[in-house]
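Q: Turn this into a model:
(2 chains)
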Amino acid sequence: MKRRVLYSVLCVLMVLSLLLAACAPAEEATQAPVKPVITEEAAPVATEEPVAPPEEPVVEEPCLIIGALYGGPINDAGYNQAMHESVAAIAENIPCVKIIEAENVPEEAGATTTMENMISEGAGMIIATAFNHQYPALELAGKYPDVIFEHAGGWEMSGNFANFFGEPPDVWYMLGVAAGRMTETNKLGFIAAFPLGWSLTFANAFHLGARSVNPDVETTISYTFSWGDSAKEAETTNALINQGVDVITMHIDSPATVISTAESRGVYSIGFQSLHAQEFAPEYWITGSGYTLGGTLTWLTSTVLDGTWEPIFLRCGLWDGCMALAPFGPEVPQEVQDEVMAVGVKLESGELVVFQGPILDQDGNVVVAEGEQLTDDQMSAVNWLVQGMIGSPQ
Amino acid sequence: MTLLSILGVISSAIYSGTSLLYITLGEIVDQRSGIVNLGLEGLLLISGATGVAVTSITGNPFWGVLAAVAAGGLTNLILGFLVVTRRGNQLASGLALMFFGFGASALIGKSHVGQKINGLARFTIPGLGSLSPRYLSLLQFDLLIYLSIPCALLIWWLLFRTRWGLGVRAVGENADTAFASGRNPRLIKYQALFVGGMLAGLGAAHLTLAYTLNWTEFMMGGRGFIAVALVIFSKWHPVRAIAGALLFSGAVAFQLLLQASGVSISPFLLDTIPYILTILVLIAWGGTRKYSAPASLGRVYMGTE
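A: Numbers count the residues shown, from 1 in each chain, chains lettered A, B, ... in the order given. So this is what the prediction gives:
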């Protein structure tokens, strides 16, 4: 009996030692951690923030309590982090504001309870940032008419419910220009969570930008069917790279997995959502864009404080400071950087419009007629991909 | 379809199939001892989060793999306490373990979400260095991938060619008979759970430290349950698990290839191909007397009077 026990222990130990042996050589091959410094100010962005009302440095009672909720973790190097940093900027600019935050509130029922708790703690303003927060917030806006609700990216409006967001299509066009110049295989990859209107609009703008400087370019769109399934994102990235794609970008919650996978395969990447994405690609980073809504939210808060707040459908772009372009990577030549910025200036001045007809879809049908432009409403409901893209739009 | 894209599907299948294979092997060992581990998903999350946390703190994926393996083994011992010592219902205990894993992993990984970690190093089989870089990047694997098939063979040897394996299988078939022949069923179940947990932890480590290279909450995306299905698919046999894991991940890679090559099928439908394939294989193979589940699988061992 004793020998048998000994034998089984030996077996377990053998498996253990095998596992140990399996991992040992990895140690030598490990590279030193590279931690590039992120400089958010490097983007050519109008840095002047809307004037914040002067406040006393020491305030005992908060002048306003803001409840902010996020759909995911606030350190995801993606959308939630970008939103969290924008909200945090309010308290930096207006010190008397107190912020209560709740992260990982993905579903509607949780959002309602969270917001009600925040209101019972005295919140006078609610900032809801996830897609699924819109209708719970709108419902509560009816129930609590004294509380002001702001939703990121929504479209509903009411007396005390409004929304704000960056305006990404112009930025996507600029990112496309950079991709079109950097690709060697003329194949670009775009990873989207779902075939939704805005995701397709971003992909279309990206492709139009790339095609404007490189007529041979083709963009493949693939879906992961989840806003945050890392393994699926890695698989999709690999599948695209195996097709010969050499520049990858994405519209999912956190770009971390896609970018680190691309980097490990020696393929260029372009980030979206948060400027922090660059950390994951020290070498093959082209550029990226993220939401920098701190200034806008500070201004909105100041109007709440002085009583002039009104529900407005607020959209603001790169040159308003609501979006920022990340610093270019080490491989991007100066001419390309200058070209991208020049395109940005043209977009800002209105000389260039991303969705200016005529635009044809994949099958050659005219989707934007000559002389026409897409409106915001149309962009949110796009169900086609522009000519030269590969993949299905629905 | 070029040679490159076909090689690409194979390469992707190997990459994502490796973690599935380790996880499936772990569940095979659990089930061979008569325990259905439905908490696998939670165990994977705990292992993955621990692996990333340790890698991020030490800067060395080697320690991360070790920590993930240890976390897997220990988490399975919790299940062991519930179903072996406390004689709890296996399905209920497994599901409880899964939800425990959701919470515990979120806690462990909280400060490491979105952190960049050093992954396991990749290298090419010596002698292939002269290939063009486009093909070469498909053939660069990390050590855990190279060791996955030897590991499956080792588990086969352990289960079918050693006295310990005989004990595990005997306990899974009929614990009373095993007891009568001088075995200690409780101890053997604990040992099997520990080994199975370590293997599953190794799978989680490969997924986080060699594949996705970061930690996000709930990142296993149902792999724990796919592994339970693959155990049935492979008929509780470690060598057939290799085929099962490769086939499933190959189907995933293939549907992504179809999406990326612009076929006019809805991507929603394409996304279900791997699951449809699993169902079809289960239907086609059916159950036979020879390859059926361990006889006392899922049954609580009440002890022998």
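Q: Pick out the least confidently modelled helix or strand of chain A, by mean pLDDT.
A: Using mean pLDDT, DSSP states H and E, the weakest-scoring helix or strand in chain A turns out to be helix A:26-29, at a mean of 36.
Q: I'd like the next helix or strand past that helix.
A: Using DSSP states H and E, the next helix or strand after helix A:26-29 towards the C-terminus is strand A:64-69.
Q: buried sites along the helix or strand following that next one?
A: Downstream of strand A:64-69, the first helix or strand assigned by DSSP H and E is helix A:79-93. Of the residues in helix A:79-93, A:79-91, A:93 count as buried by neighbour count, 16 or more other Cβ atoms under 10 Å in any protein chain shown. Backbone N, C-alpha and C define where each C-beta goes, glycine included.
Q: I'd say residue B:32 and residue B:156 touch.
A: No: between residue B:32 and residue B:156 there is no contact under Cβ atoms under 8 Å: 11.1 Å.
Q: Please identify which of these two sits among more neighbours.
A: Shown here are residue B:32 and residue B:156; by other Cβ atoms under 10 Å in any protein chain shown, residue B:32 has more neighbours (28 against 19).
Q: what about the residue of chain B found nearest chain A, which helix or strand?
A: Using Cβ to the nearest Cβ, the single residue of chain B nearest to chain A is residue B:8, 2.4 Å away. Element membership for residue B:8, per DSSP H and E: helix B:3-32.
Q: The helix or strand just after that helix vs chain A: in contact?
A: As assigned by DSSP H and E, the chain's next helix or strand after helix B:3-32 is helix B:40-58. No: judged by Cβ under 8 Å from any Cβ of the partner chain, helix B:40-58 makes no contact with chain A; its nearest approach is 9.3 Å.
Q: So which elements touch helix B:40-58?
A: With contacts taken as 3 or more Cβ pairs under 8 Å, 6 or more residues apart in numbering or on different chains; DSSP states H and E, helix B:40-58 sits against helix B:3-32, helix B:61-80, helix B:90-109, helix B:185-206, helix B:223-233.
Q: let's see 6 Å
A: Judged by 3 or more Cβ pairs under 6 Å, 6 or more residues apart in numbering or on different chains; DSSP states H and E, the packing partners of helix B:40-58 are helix B:61-80, helix B:90-109, helix B:185-206, helix B:223-233.
Q: Mean neighbour count, the ones you listed: which tops it?
A: Among the helices and strands packed on helix B:40-58, the stretch with the highest mean neighbour count (mean count of other Cβ atoms under 10 Å in any protein chain shown) is helix B:185-206, at a mean of 28.
Q: and that one with helix B:90-109, angle?
A: Orientation check (axes from the mean of the first three to the mean of the last three Cα atoms, to 10 degrees): helix B:185-206 against helix B:90-109 gives 40 degrees.
Q: Residues contacting helix B:185-206, please?
A: Contact partners of helix B:185-206, identified using Cβ atoms under 6 Å, 6 or more residues apart in numbering or on different chains, comprise A:8, A:15, B:18-19, B:22-23, B:25-26, B:29-30, B:33, B:43-44, B:47-48, B:51, B:65, B:68-69, B:71-73, B:75-76, B:80, B:84, B:144, B:167-168, B:171, B:175, B:178-179, B:301.
Q: so who does residue A:219 touch?
A: Taking Cβ under 6 Å, 6+ apart, we find residue A:219 in contact with A:188, A:190, A:207, A:389.
Q: Kindly recompute the last result at 8 Å.
A: A:187-190, A:203, A:206-207, A:210, A:388-390 (Cβ atoms under 8 Å, 6 or more residues apart in numbering or on different chains).
Q: can you confirm it is in a strand?
A: Yes: Residue A:219: assigned to a strand according to DSSP: H, G, I helix; E, B strand; the rest coil.
Q: Which pLDDT value goes with it?
A: The model reports residue A:219 with a pLDDT of 96.
Q: and it, bridged to which residues?
A: Here residue A:219 sits in beta bridges with residue A:188, residue A:389, going by DSSP bridges.
Q: any idea how far it lies from residue A:306?
A: 47 Å (Cβ to Cβ, to the nearest Å).
Q: can you check residue A:317 too?
A: Distance check for residue A:317 against residue A:306: by Cβ to Cβ, it reads 26 Å.
Q: Same question for residue A:300.
A: From residue A:300 to residue A:306 the distance is 12 Å (Cβ to Cβ).
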